[in-house]
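K.L.:
3D model of this:
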Amino acid sequence: MLSRAELRSQRPYGVTEDVHFTESLVTAVIEEYSQPGDVVIDPFAGFGTTPWVATRMGRRAVAVELLEERASFVRQRLHGGAEVITGDARQLGSLVAGPVDLCLTSPPYMTAAGHPQNPLTGYTTADGDYHTYLAELAAVFCEVARLLRPRGYAVLNAANLVTPDAVTPLAWDIGQRVSQYLALRQEVFVCWDEQPPGITGDYCLVFQKADM
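P.N.:
Below you'll find the model as predicted:
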């Protein structure tokens, strides 16, 4: 059960949209799926909630963020306490060596129609295509699977989205594609005291790498 008040209170200064995790959600995931000293990665780091909480909990954090201004914010926020890489998650294999124990992330969202802004360029280009977006996300998590230790976890926060015209089953579409590379172990429904706008269902999808 998550609180919109907590989400709003943890907005970075000057940010007006809630495009970040709550710290309580990150804490719960890290407690459940990692141990002190483990390596936790977020390939879509945003404002750095995952590495911020992970370092506080005695984990080693690696954050990859496309937008330089956000990566700089994360570096300042963590004061050198994590490895922060400015880079494109679609090149994750050339940015991070691994191995890692847990991936916790929320990829940038896209609706199936009427969304020309490309999430994977930080919404800075108008070449967005939903099927290409899903394929490129799948490729990112193929690299996550390669980086994970055997029996390591990847937890993805993704939501199904609603617009006036349609529902986009984004969480299910992402889950189906990531399941090509990692075993889906659990779906956790994220309950909000106030449902965020544009979302019909919010989930944490828990994947695990097989034994080698």
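K.L.:
only C-alpha atoms for contact and neighbour calcs from this point on.
P.N.:
Noted.
K.L.:
What separation do you get for the residue lying farthest from the centre of the chain and G198?
P.N.:
Distance to the chain centre peaks in the chain at D165, reaching 26.4 Å (criterion: Cα atoms, centre = their mean). According to Cα to Cα, to the nearest Å, D165 stands 12 Å off from G198.
K.L.:
Run the chain-centre distance for the helix ranked longest in the chain.
P.N.:
If you go by DSSP state H, the chain has its longest helix at helix 130-147. Distance of helix 130-147 from its chain centroid, counting by Cα atoms, centre = their mean, to the nearest Å, is 12 Å.
K.L.:
who does the helix or strand just after that helix pair up with?
P.N.:
Next helix or strand after helix 130-147 toward the C-terminus (DSSP states H and E): strand 148-162. With DSSP bridges as the test, strand 148-162 is paired with strand 100-105 (parallel), strand 167-168 (antiparallel), strand 199-208 (antiparallel).
K.L.:
Show me the strands in this protein, by range?
P.N.:
39-42, 60-65, 83-86, 100-105, 148-162, 167-168, 183-189, 199-208 (DSSP state E).
K.L.:
right, and those strands - which one's nearest Q76?
P.N.:
strand 83-86 (10.1 Å; Cα to Cα).
K.L.:
Which neighbours in the sheet does that closest one have, and how are they oriented?
P.N.:
Applying DSSP bridges, you get strand 60-65 (parallel) as the partners of strand 83-86.
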